[in-house]
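**Q** predicted model, plus sequence, below.
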Amino acid sequence: MNKEELKSIEIESPKDRFIKAYNAAITRQGSKELLDWMLTTDFFTAPASSKFHSAYEGGLCDHSLNVYNVLIERYNDKKPDETYAIVALLHDLCKAEFYKSTMRNVKNETTGAWEKVPYYTIEDKFPFGHGEKSVFLIERFMRLKVEEAIAIRWHMGGFDDAARGGSYAINGAFEKYPLAVKLHLADIEATYLIENY
């Protein structure tokens, strides 16, 4: 390949890959309006966590794509479909407008000098829970099937506050809706194995 051909190859950003996957698979009524709304938020620049997995600018988009790829490659034996794209790409929609970027002082181990480094804190303006907040935000624009809503609601598995508090609802969700188990496993694999938690 010559220089001109290399220049003509456009490298897709994670945001572009997300939008391409979203538009290719999700055509349900309201999906365009949902994506338009997402573009007005920090979804594509937000971190996936404050200090754990994908805690960097754009980490949330990267994480969503990782979950989508794992779900499709490992747990879906057919062509990627709308349900799989919806649950994987939108499971953490609750993290849009959730983190605030700030600075903190950290001691440089090499020089011993204190330096200001970026740091994310949580600023939850709509404390509605994790999975349930994602379901709520999606349904403002687009109707979910029951299995999709259940999968998104319980994608945190045993890390969910309700499950940690003793709720048995997650057992019923996982028994009745295999998609919920698949999304949880894809989320765990993306977080701990791909993103090197």
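**A** Sure, I can see it. Numbering: from 1, shown residues only.
**Q** residue ranges with poor pLDDT in the protein?
**A** Applying pLDDT under 70 to the chain flags the ranges 1-10, 79-80, 197.
**Q** where along it do the helices fall?
**A** 3-8, 14-25, 31-38, 59-75, 82-90, 131-139, 146-153, 161-164, 169-176, 178-189 (DSSP state H).
**Q** tabulate those (TSV), appending distance to A48 and mean neighbour count.
**A** (C-beta placed from N, C-alpha, C; glycine too.) Listed next are the helices of the chain as TSV, based on distance: least, C-beta to C-beta, whole Å; neighbours: other C-beta atoms under 10 Å:
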stretch	distance to A48	mean neighbour count
helix 3-8	32	8
helix 14-25	12	16
helix 31-38	15	17
helix 59-75	4	22
helix 82-90	13	24
helix 131-139	13	20
helix 146-153	16	23
helix 161-164	18	14
helix 169-176	22	14
helix 178-189	10	21
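**Q** mind putting those helices into CSV with distance to E123?
**A** As requested, the helices of the chain are exported to CSV (distance: least, C-beta to C-beta, whole Å):
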stretch, distance to E123
helix 3-8, 41
helix 14-25, 22
helix 31-38, 18
helix 59-75, 15
helix 82-90, 21
helix 131-139, 14
helix 146-153, 22
helix 161-164, 18
helix 169-176, 27
helix 178-189, 23
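**Q** can you check which of the ones you listed gets nearest to W114?
**A** Closest to W114 of the helices of the chain, according to C-beta to C-beta: helix 59-75, at 25.5 Å.
**Q** okay, the angle between the closest one and helix 31-38?
**A** 140 degrees (axes from the mean of the first three to the mean of the last three C-alpha atoms, to 10 degrees).
**Q** and helix 59-75, what does it pack against?
**A** Helix 59-75 is packed against helix 14-25, helix 82-90, helix 178-189, with contacts defined by 3 or more C-beta pairs under 8 Å, 6 or more residues apart in numbering; DSSP states H and E.
**Q** OK, contacts around K125?
**A** E97 (C-beta atoms under 8 Å, 6 or more residues apart in numbering).
**Q** my bad, V67
**A** Counting by C-beta under 8 Å, 6+ apart, V67 has contacts 88-89, 91, 183, 186-187, 190.
**Q** ok, those vs N66, which is closest?
**A** A190 (3.8 Å).
**Q** I figured the closest one was touching I72, is that so?
**A** No. With contact taken as C-beta atoms under 8 Å, A190 and I72 are classed as non-touching, separated by 11.8 Å.
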